[in-house]
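Engineer: got a sequence here, can you model it:
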Amino acid sequence: MGFSIRQALQLTPLALVNITSPDPQEIEVSDPERLKALNDRLAAAQERAAPREPKPDASQDMSDNAWRMVLELVVGIAFGFGIGLGLDTLFGTMPIFLVTFTLFGFGGGVSMMLRTAKEVQRMHAEPESSVEENKDG
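Structural biologist: Numbers count the residues shown, from 1 in each chain. Have a look, this model is predicted:
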């Protein structure tokens, strides 16, 4: 009791109501093989439609590292500035601690940036070395 697309388009809204809500006596019990085939097709369709984790793009990975390095520098400077300003306000010696701790914050930010850069170099060197080992072996 299947309908073709042409027949479905020619149906009136009243006929559609009858199709979508049939009488319980009119429902046929399908054979189990057809139900199993339908269940398999539904499972395959759900598997195809399941969201997949996107693979990180190399440029996206590099931009993430760049933003991380910038944030480390800015946070270091802001942290040093805040400590220096607080100490200068506390002791009443306005520019001394502000400048000193801002420079300390800058130094801390730069050292964190360098540590991140070494980490990124190490991450990029590991896949290349494993590829070279596989070529040799």
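Engineer: where's the spatially closest residue to Gly105 that is not a sequence neighbour relative to Ala66, distance?
Structural biologist: Excluding the flanking residues, the one nearest Gly105 by C-beta to C-beta, 6 or more residues apart in numbering is Gly80, at 2.1 Å. All C-beta spots, glycine's among them, are computed from the backbone N, C-alpha and C. According to C-beta to C-beta, to the nearest Å, Gly80 and Ala66 sit 22 Å apart.
Engineer: look at the two and report which has more neighbours.
Structural biologist: Gly80 (23 against 12; other C-beta atoms under 10 Å).
Engineer: and that one, what element?
Structural biologist: Gly80 belongs to helix 58-91 when assigned by DSSP states H and E.
Engineer: which parts of that helix are buried?
Structural biologist: Met69, Glu72, Leu73, Gly76, Ile77, Phe79, Gly80, Phe81, Ile83, Gly84, Asp88 (16 or more other C-beta atoms under 10 Å).
Engineer: isn't the second one right up against Ala117?
Structural biologist: No. Using C-beta atoms under 8 Å as the test, Glu72 is too far from Ala117 to be in contact (10.5 Å).
Engineer: run through the neighbouring helices and strands of the longest helix anywhere in the chain.
Structural biologist: Taking DSSP state H as the criterion, the chain has its longest helix at helix 94-136. When contacts are defined as 3 or more C-beta pairs under 8 Å, 6 or more residues apart in numbering; DSSP states H and E, helix 94-136 packs onto helix 58-91.
Engineer: between the helix it packs on and helix 94-136, how many degrees?
Structural biologist: 160 degrees (axes from the mean of the first three to the mean of the last three C-alpha atoms, to 10 degrees).
Engineer: just checking, what packs against helix 58-91?
Structural biologist: helix 94-136.
Engineer: any idea of the mean pLDDT in the helix it packs on?
Structural biologist: For helix 94-136, the mean per-residue pLDDT is 85.
Engineer: now swap in stretch 50-66 and tell me
Structural biologist: The model assigns stretch 50-66 a mean pLDDT of 77.
Engineer: the buried residues of helix 58-91 into a markdown table, with extra columns for distance to Gly108 and pLDDT?
Structural biologist: Shown next, in a markdown table, are the buried residues of helix 58-91 (distance: C-beta to C-beta, whole Å; pLDDT from 0 to 100):
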| residue | distance to Gly108 | pLDDT |
| --- | --- | --- |
| Met69 | 13 | 94 |
| Glu72 | 9 | 94 |
| Leu73 | 9 | 95 |
| Gly76 | 4 | 96 |
| Ile77 | 9 | 97 |
| Phe79 | 8 | 96 |
| Gly80 | 7 | 97 |
| Phe81 | 12 | 96 |
| Ile83 | 11 | 96 |
| Gly84 | 13 | 96 |
| Asp88 | 19 | 95 |
